[in-house]
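Colleague: Provide a 3D model corresponding to the input given below.
(one chain, ligands or ions: 1)
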Amino acid sequence: MSRNVFLNYIGGEWKASATGEVLESYNPANKTEVVGSVQKSARGDLDEAVSHAKSAQKAWRKLAGAERGNYLYQAAALLEENLEEIATTMTKEMGKSLPEAKGETTRGIQILKYYAGEGMRSDGDVIPSTDASALMFSKRVPIGVVGVITPWNFPVAIPIWKMAPALIYGNTVVLKPATEGAVTAAKVMECFEKAGFPAGVVNFVSGSGSVIGQGLAENSDVNAVTFTGSNNVGKNIGKIVAARGGKYQLEMGGKNPIIIAEDADIEAAVDATLSGGLKSTGQKCTCSSRVIVQSSIYDQFKQRLIEKAQEITVGDGMDAATWMGPCASEGQYNTVKHYIAKGKEEGASLALGGNVLTEGNLKDGYYIEPTIFDDVTTDMTIAQEEIFGPVLALMKVDTVEEAIELANDVDFGLSASIFTKNIDHILSFIDDIEAGLVRINSETAGVELQAPFGGMKASSSYSREQGQAAKEFFTTMKTVFLKG
Ligand code: NDP
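Modeller: The predicted model follows:
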């Protein structure tokens, strides 16, 4: 098989799927370039991986946390050694600019190191018993086999921020990556393989969501499923896992607002709107999508936003001059075009962009101009549904109170931001905004690995990822009562 055909990693071995079929991954900046292929696996491949993960779990959980941590440190070192190659693959596979891809890979390394250290930290509490002669304590223990289902938009960071805590707390893992990011994820898996984890502790099975993702949800030997992706898929996984008594965690879409109050630093707010809204071509779950501006500064803000958006260079993520790459796939490109058409049809006016880009070097990619809609009202589809593309919706309000109400008027609740210097506005924003990530004078996108991450409402199943919060999902607890 050619170097660019990636196999499944099951029970410590790279294996072709029983189907003999592969799924090809194309470069969205150059539609005809195949970046690589992964296995189009069948349920049998998955069941084999789950069975290896189940067999490996007891010995893995019996290792000292520090020993498990050493494997994570080793994976971090290997990721660091291969950073350039992994980031380049990511840019070619899903289009984000190379500096962003390098930033994401670096984040993966930091997450591995953070959780490696976790193996040396407390895993329980001593609780005073009413019996003076007894010792009572709680002890965190792993859940067992964890199924990890990830999206294409962060093909390195998201698999790692799920697998690293799962592993350090003593679980074994089966990863099913998004098909459109699976080549990049396979390269991450090569680092895990070389790190020398015992056979069966980490497994990788690529294939379609409806076969392998659904299979993970249905397999009763998978004790917990952690999922990041779209709302409909997530809700369905939650139902299936809950019905068989498993544990699940869902991190889903957003429709994130950024509020610009009349006392805001306009330049800083414009920069944050563009960076939070259009970096990664608007394909972050925490991207700003609705820009809610107080009427007294609306025109001034809009004009500056348009001026600066016009300076954005769109192109191949591999090109050093590129600020914004293509949409990640043909499907995503068509979705964004659909929403732009919908915005026009429902009466929003285009203040900037709205077209596909096909000139010169852009002719072979899925490029869309940075797009800004004006006069958007909350009943419009583009104000309610996640677009996941380079599209901003400007909305006008008279007061900050009204802005917060409007910001909450969606099903989602992932991230939200406000630009203001007024402490009363800041305090009511923190109190009243319905979002898991609350950001003041900062863009909506951006999370720190040591802090809890997750949304409210339809954005999440309310459990939290990352930092110490990950412990809640990836462990359960024993309460021990010990008497001599
Ligand atoms: P999808 O929901 O389409 O896919 C996510 C994962 O689920 C993929 O691995 C996919 O496989 C798999 N899948 C698809 N169908 C099924 C199924 N029936 N059963 C089980 N698994 C299935 O999301 P996208 O990959 O398109 O990612 C974009 C979405 O992710 C956006 O909505 C975004 O907001 C959200 N997201 C949320 C984040 C958060 O932390 N809240 C962070 C990043 C993204 P396959 O690729 O093979 O279809």
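Colleague: got the buried residues for stretch 361-372?
Modeller: By 16 or more other Cβ atoms under 10 Å, the buried positions in stretch 361-372 come out as Leu362, Asp364, Gly365, Tyr366, Tyr367, Ile368, Glu369, Pro370, Thr371, Ile372. Every residue, glycine included, has its C-beta placed from N, CA and C.
Colleague: That stretch - what's its average pLDDT?
Modeller: Averaged over stretch 361-372, pLDDT sits at 97.
Colleague: Of the buried residues of stretch 361-372, which is the nearest to the ligand?
Modeller: The ligand lies nearest to Tyr366 out of those, by Cβ to the nearest ligand atom, at 14.3 Å.
Colleague: The ligand contacts on the stretch 1-150 of the chain?
Modeller: Taking Cβ under 6 Å from any ligand atom as the criterion, the stretch 1-150 of the chain approaches the ligand at residues Ile149, Thr150.
Colleague: Residue in the stretch 1-150 of the chain with the shortest distance to the ligand?
Modeller: Ile149 (4.8 Å).
Colleague: ok, the residue nearest to that residue when sequence neighbours are not counted - contacts?
Modeller: Nearest non-adjacent residue to Ile149, counting by Cβ to Cβ, 6 or more residues apart in numbering: Phe227, 4.5 Å away. Applying Cβ atoms under 8 Å, 6 or more residues apart in numbering, we find Phe227 in contact with Ile149, Thr150, Gly213, Val233, Gly234, Ile237, Gly238, Tyr248, Gln249, Leu250, Glu251.
Colleague: what about the last one, distance to Cys327?
Modeller: Separation of Glu251 from Cys327 (Cβ to Cβ, to the nearest Å) stands at 21 Å.
Colleague: Ok, the third one next?
Modeller: Spatial separation of Gly213 from Cys327 under the definition Cβ to Cβ is 22 Å.
Colleague: Now the residue of the stretch 251-400 of the chain found nearest the ligand: phi and psi?
Modeller: Proximity of the stretch 251-400 of the chain to the ligand (Cβ to the nearest ligand atom) peaks at Cys285, 3.1 Å away. Main-chain torsions, Cys285, degrees, to the nearest 10: phi -60, psi -20.
Colleague: ok, it touching Ala435?
Modeller: No - applying Cβ atoms under 8 Å, one finds Cys285 not in contact with Ala435, separated by 11.9 Å.
Colleague: between those two, who's got more neighbours?
Modeller: Cys285 (28 against 24; other Cβ atoms under 10 Å).
Colleague: so where does the residue lying closest to the more buried one once chain neighbours are set aside fall, helix or strand?
Modeller: Closest residue in space to Cys285, ignoring its immediate chain neighbours: Gly254 at 5.0 Å, by Cβ to Cβ, 6+ apart. Under the criterion DSSP states H and E, no helix or strand holds Gly254.
Colleague: can you tell me how far the nearest residue to Phe388 once chain neighbours are set aside sits from Pro177?
Modeller: Distances taken as Cβ to Cβ, 6+ apart put Gln283 closest to Phe388, at 5.3 Å, once the chain neighbours are dropped. Gln283 is 16 Å from Pro177, where distance means Cβ to Cβ.
Colleague: Give me the more crowded residue out of those two.
Modeller: Using other Cβ under 10 Å, the more surrounded residue of Gln283 and Pro177 is Pro177, with 28 against 25.
Colleague: which residues touch that one?
Modeller: Thr150, Pro155, Pro159, Ala185, Ala186, Phe204, Ser206.
Colleague: just the strands in the stretch 1-150 of the chain please.
Modeller: Using DSSP state E, counting those that start in this stretch, the strands assigned to the stretch 1-150 of the chain run over residues 5-6, 8-10, 13-15, 22-27, 30-39, 134-142, 145-149.
Colleague: Serialize those strands to TSV and add fields for distance to Ala320 and mean pLDDT.
Modeller: Formatted as TSV, these follow (distance: least, Cβ to Cβ, whole Å; pLDDT from 0 to 100):
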stretch	distance to Ala320	mean pLDDT
strand 5-6	28	98
strand 8-10	34	98
strand 13-15	34	98
strand 22-27	17	97
strand 30-39	17	96
strand 134-142	44	98
strand 145-149	34	99
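Colleague: Any residue of whichever strand or helix holds the residue nearest to Ile149 touching the ligand?
Modeller: Assessed by DSSP H and E, Phe227 sits inside strand 224-228. Yes - against the ligand, strand 224-228 shows contacts by Cβ under 6 Å from any ligand atom at Thr228.
Colleague: who's in contact with stretch 337-355?
Modeller: Here stretch 337-355 has contacts from 302, 306, 309-310, 356, 368-377, 380-382, 385, 387, 389-391, 393-394, using Cβ under 8 Å, 6+ apart.
Colleague: Whichever of those residues end up buried, select them in ChimeraX.
Modeller: What follows is the ChimeraX syntax selecting those of those that are buried according to 16+ other Cβ under 10 Å:
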select :302,306,309,356,368,369,370,371,372,373,374,376,380,382,385,387,389,390,391,393,394
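Colleague: hmm, back to that, now for Cys285 and Ala435: what residues contact both?
Modeller: In contact with both Cys285 and Ala435: Leu414, using Cβ under 8 Å, 6+ apart.
Colleague: and stretch 430-437, how far apart are its ends?
Modeller: Counting by Cα to Cα, to the nearest Å, you get 10 Å between the two ends of stretch 430-437.
Colleague: typo on my end, it should be stretch 410-428
Modeller: 19 Å.
Colleague: buried sites along it?
Modeller: Buried residues in stretch 410-428, counting neighbours by 16+ other Cβ under 10 Å, are found at Val410, Phe412, Gly413, Leu414, Ser415, Ala416, Ser417, Ile418, Phe419, Thr420, His425, Ile426.
Colleague: Close to the ligand: what parts of the stretch 151-300 of the chain are there?
Modeller: 151-154, 176, 178-180, 208-210, 213-214, 217, 228-230, 233, 236-237, 251-254, 285.
Colleague: Could you give me the PyMOL syntax to select whichever of these are buried?
Modeller: Written as a PyMOL command, the selection of buried residues from these, which uses 16+ other Cβ under 10 Å, is:
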select buried, resi 151+152+153+154+176+178+179+180+209+213+214+217+228+229+233+236+237+251+252+253+254+285
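Colleague: quick one: average pLDDT of whichever helix or strand Ala393 is part of?
Modeller: Using DSSP H and E, Ala393 sits within strand 391-397. On average, the pLDDT along strand 391-397 is 98.
Colleague: following that strand, which helix or strand comes up?
Modeller: helix 400-407.
Colleague: Return the list of helices and strands in contact with that next one.
Modeller: Judged by 3 or more Cβ pairs under 8 Å, 6 or more residues apart in numbering; DSSP states H and E, the packing partners of helix 400-407 are strand 256-260, strand 288-294, strand 391-397, strand 415-419, helix 423-432.
Colleague: Isn't Asp45 up against Ile10?
Modeller: Yes - contact criterion Cβ under 8 Å: Asp45 and Ile10 qualify, at 6.9 Å.
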